[in-house]
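Novice: Make a model of this:
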Amino acid sequence: MVLSMRWYTVVYLQQVFLPVLNPLAWERGRPLIWDVTVPDSLATSYRPVAISSASAVAALAESLKEAKYCDLTANHIFTPLAIESLGSVRPKSLSFAHDLGCRIMRYSGEAMTTTYLIQRLSIAVQRGNAALVMDTFSPFSSDSILF
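Specialist: Below you'll find the model as predicted:
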């Protein structure tokens with residue numbers, strides 16, 4: 001069962017706050033902890049990785065998160081959700097989003113839940129990208145009048 005309302009608890013672990021979606025058992029009697037990361041596909045530090053294949057930066061971000069929180073797997077199920085700033089998503093992250101959407105759909109009865117969830121993630125990435133672009137302009141620039 002997944003709660004359809006926005007209910008988040010915060011677990012303090014190793015100096016980092018992690019959002020816990022559901023304090024109830026997610027799978028095998030353990031609660032789910034998920035961490036969303038949006039690496040910048042165009043960052044200079046990711047350039048060697050980004051040119052190798054599509055969503056390679058997201059794959060790197062997923063593996064770094066899994067390594068960082070490997071201690072969680074004894075008592076929790078940890079799932080990283082990596083979406084590149086240009087929109088590429090790893091199959092594992094997309095599978096998690098579909099699974100979460102299906103669980104919410106079973107509880108709420110809304111047939112379009114998975115679609116809405118993926119759209120919300122996409123919009124969140126777009127808003128983040130827009131905020132980053134807007135931060136590059138000087139507050140006193142004449143270009144800021146256009147926005």
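
Novice: Every contact and neighbour count from this point should use C-alpha atoms.
Specialist: Will do.

Novice: May I have the lengthiest strand in the chain exported as CSV, CA atoms only?
Specialist: With residue count as the measure and DSSP state E as the assignment, the chain has strand 30-37 as its longest strand. Only the C-alpha atoms of strand 30-37 are listed here, as CSV (Å, rounded to 0.1, in the frame of the first residue of the first chain):
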residue,chain,number,x,y,z
ARG,A,30,11.5,-3.2,4.6
PRO,A,31,10.6,0.5,4.1
LEU,A,32,11.7,2.3,1.0
ILE,A,33,14.2,5.2,0.9
TRP,A,34,14.7,7.0,-2.4
ASP,A,35,16.9,9.8,-3.4
VAL,A,36,16.4,11.9,-6.5
THR,A,37,19.5,13.4,-8.2
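
Novice: Which strands border that strand, and is each parallel or antiparallel?
Specialist: Strand 30-37 has these partner strands in its sheet, going by DSSP bridges: strand 22-27 (antiparallel), strand 77-82 (parallel).

Novice: Beyond that strand, next helix or strand please.
Specialist: Downstream of strand 30-37, the first helix or strand assigned by DSSP states H and E is helix 47-50.

Novice: where exactly do the helices run in the chain?
Specialist: If DSSP state H is used as the criterion, the helices of the chain fall at 47-50, 56-68, 91-108, 113-135.

Novice: low pLDDT regions in this protein?
Specialist: Applying pLDDT under 70 to the chain flags residues 1-24, 139-147.

Novice: Name the nearest residue to the residue sitting nearest the centre point of it, sequence neighbours excluded.
Specialist: Among the residues of the chain, the smallest C-alpha distance to the mean C-alpha position (Cα atoms, centre = their mean) belongs to V36, namely 2.7 Å. Excluding the flanking residues, the one nearest V36 by Cα to Cα, 6 or more residues apart in numbering is L81, at 4.6 Å.

Novice: For T37, see how far away the one you found is.
Specialist: As for L81, its distance to T37 is 6 Å (criterion: Cα to Cα, to the nearest Å).

Novice: Between those two, tell me which one has more neighbours.
Specialist: Each of L81 and T37 has its neighbours counted (other Cα atoms under 10 Å); L81 has more, 23 against 17.
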